[in-house]
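[1] Mind folding the following:
(4 chains)
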2 protein chains.
Amino acid sequence: MCCHSISVSRPKRVTFWRLSISNPIERKLRQFVIFSDEERRVLDAFSGEGTCTYAAREDIEQEGKRLNDIKVILEGWACRYKLLADGRRQIISFLLPGDVCEFYVDIVHELDHSVAALTPASVARIKSASLNSAMGQHPRLAQAFIWERVVTAAIQREWTINLGQRSAFERVAHLLCELFVRLQGIGLVQNRRCELPLTQADLADATGLSAIHVNRTLQELRRQDLITLGGKELYVSKLNSLEDAAGFNGNYLHIKYIND
Amino acid sequence: MCCHSISVSRPKRVTFWRLSISNPIERKLRQFVIFSDEERRVLDAFSGEGTCTYAAREDIEQEGKRLNDIKVILEGWACRYKLLADGRRQIISFLLPGDVCEFYVDIVHELDHSVAALTPASVARIKSASLNSAMGQHPRLAQAFIWERVVTAAIQREWTINLGQRSAFERVAHLLCELFVRLQGIGLVQNRRCELPLTQADLADATGLSAIHVNRTLQELRRQDLITLGGKELYVSKLNSLEDAAGFNGNYLHIKYIND
DNA sequence: CGTCAAGTTGAAACAGGTCAAATACCGTGG
DNA sequence: CCACGGTATTTGACCTGTTTCAACTTGACG
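    So this is what the prediction gives:
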């Protein structure tokens, strides 16, 4: 099912190399903690427990269905969402590589919302028991995972503010800032450029606007030279300007160490 | 500073009696776990570590200020909020008796938002170390506190949906449903009646509406006989009807056992 | 009984939604 | 490689829920 299977003479070295470059879980968590080699090995083992892949738009978890393992996005984008009775959809948050679908599967047996892949995605399935034992044996890993919970909660609060107080223009700008900074944190921004594999309808459901108004708002952002967006790629030449337009302050992301 | 100080011949008995009736922390957590006498004693000890009181409108925590102990509301209402540069205020959530201001003070050294009392409030200050050791020694307490985190997160997600997708009418109705059910869970609803010590401006800042529109919306809710509200008291004769009007489904509160 | 905050009302303005139609884009199969 | 069909984006015109402003009323409290 998984990946670290190239048989070589110096497995440790290879493992280290792989981890530091390509383990999305570590890539995410090291924004907060710098890991020892031992800790990285433990993190790497998680992906080995089983990986599954999803097509774009496919559900990863469905509201009300039983939860089993802890799922962590390794590759691709996903979102939490909830449908209302009449079909309205709110996207509750975006999940990027390294993000955890649901942490406390021992306590929460079924999710109160759904999670869907937005792009083709690969997802690690971690047994709750192995995560617990890893956290028990490695306090810094435990810290890192708690930090991930803390940041997730802070993001959700910031979305509350975004939807409650900000204008359409600020909202879209703020969301783009957040995604840009989060992607930066996991090393997915290069030359001020990142993938943005969202449709305008997705942005609309995330910002509580209509797709048409998102369209006009994006045009305004382009007109003001704050973003360049097209072909699923976002380019932000002056992040500061975009942040100012959005009223964005990244403190709530609690990033300590920056990747790259 | 605290409360369980009446000296009597059978302290244990008295403690039990006090706890089951009046410890807000237990009152909240037993919506998920039914505690043993021993566990209740541990919970009770928390309030003994120190209590402070706040006037209405006073800040309990301020954005950016250093966090020390874990604060738990014992009495009164509070809210998390954040101010934008131009003075707009978004209320991010309401804190009721038993609710925790910030859990992970070891990791989050300063809050990214503020917390203010809405009524005169009394707050327990718990040392992080004693909470940790209590959770270590009593797995069911640990579970209960994790459940509290899970529900807090779920509420925040539901607010995202409320602000993103629902009309003013649904939003206000939904918020009232949520508060009513949460108050019910901690035994603060009697005869379908509860305190609602919020101004219309507070409701406005929580729902992302203008105070004036909240006013008109409340009138509409009254006109449709869904609520009776006045003198800081809310009466909901048919909770089902209000829930229907709001599109409210209380599953996200993950309540297992009902108080009263 | 006066003062200040909270609630209520009406009228006008506006941000953003809806509807409908046109255009661009993209992967697929011929 | 091109034609095709479906999806995503763009545009314009019109509509409506909500905000804003300004004034008035009520209520709570010293």
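
[2] Please count neighbours and contacts with C-alpha atoms only from this point.
    Fine.

[3] Tell me the residues of chain A that contact DNA strand C?
    A:Arg166, A:Ser167, A:Ala168, A:Phe169, A:Gly208, A:Leu209, A:Ser210, A:Ala211, A:Ile212, A:His213, A:Val214, A:Gly231 (C-alpha under 7 Å from any atom of the strand).

[4] would you turn those into JSON lines with pLDDT and neighbour count?
    Formatted as JSON lines, those follow (pLDDT from 0 to 100; neighbours: other C-alpha atoms under 10 Å in any protein chain shown):
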{"residue": "A:Arg166", "pLDDT": "98", "neighbour count": "20"}
{"residue": "A:Ser167", "pLDDT": "98", "neighbour count": "14"}
{"residue": "A:Ala168", "pLDDT": "98", "neighbour count": "22"}
{"residue": "A:Phe169", "pLDDT": "98", "neighbour count": "17"}
{"residue": "A:Gly208", "pLDDT": "98", "neighbour count": "27"}
{"residue": "A:Leu209", "pLDDT": "98", "neighbour count": "21"}
{"residue": "A:Ser210", "pLDDT": "98", "neighbour count": "15"}
{"residue": "A:Ala211", "pLDDT": "98", "neighbour count": "17"}
{"residue": "A:Ile212", "pLDDT": "98", "neighbour count": "12"}
{"residue": "A:His213", "pLDDT": "98", "neighbour count": "15"}
{"residue": "A:Val214", "pLDDT": "98", "neighbour count": "23"}
{"residue": "A:Gly231", "pLDDT": "89", "neighbour count": "8"}
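
[5] In helices only, show me those residues.
    Among the residues of chain A next to DNA strand C, the ones falling in helices (DSSP state H) are A:Ala168, A:Phe169, A:Ala211, A:Ile212, A:His213, A:Val214.

[6] Test my guess that the first one contacts A:Arg216.
    When you say that, I think you mean A:Ala168. No - shown here, A:Ala168 and A:Arg216 do not form a contact pair, counting by C-alpha atoms under 8 Å, at 9.8 Å.

[7] got any residues that touch both of the two?
    Counting by C-alpha atoms under 8 Å, 6 or more residues apart in numbering or on different chains, A:Ala168 and A:Arg216 have no contacts in common.

[8] Might you report the residue contacts of A:Lys172?
    Careful, residue A:172 is Val; it's not Lys. A:Leu203, A:Thr207, A:Val214, A:Thr217, A:Leu218, A:Ala246 are the contacts of A:Val172 under C-alpha under 8 Å, 6+ apart.

[9] Those residues: which ones sit near chain B?
    Counting by C-alpha under 8 Å from any C-alpha of the partner chain, A:Thr207 from those sit close to chain B.

[10] How many residues are close by A:Ser93?
    A total of 18 residues lie near A:Ser93 under the criterion other C-alpha atoms under 10 Å in any protein chain shown.

[11] name the helices or strands packed onto the helix or strand where it lies?
    Taking DSSP states H and E as the definition, A:Ser93 sits inside strand A:89-95. Counting contacts by 3 or more C-alpha pairs under 8 Å, 6 or more residues apart in numbering or on different chains; DSSP states H and E, strand A:89-95 is packed against strand A:78-83, helix A:200-207, helix B:139-165.

[12] Can you tell me which residues in chain A are near DNA strand D?
    A:Leu198, A:Thr199, A:Gln200, A:Ala201, A:Ala211, A:Ile212, A:Asn215, A:Arg216, A:Leu218, A:Gln219.

[13] There's contact between the third one and A:Arg216 in this structure, I believe.
    No - A:Gln200 is beyond contact range of A:Arg216, at 10.3 Å (criterion: C-alpha under 8 Å).
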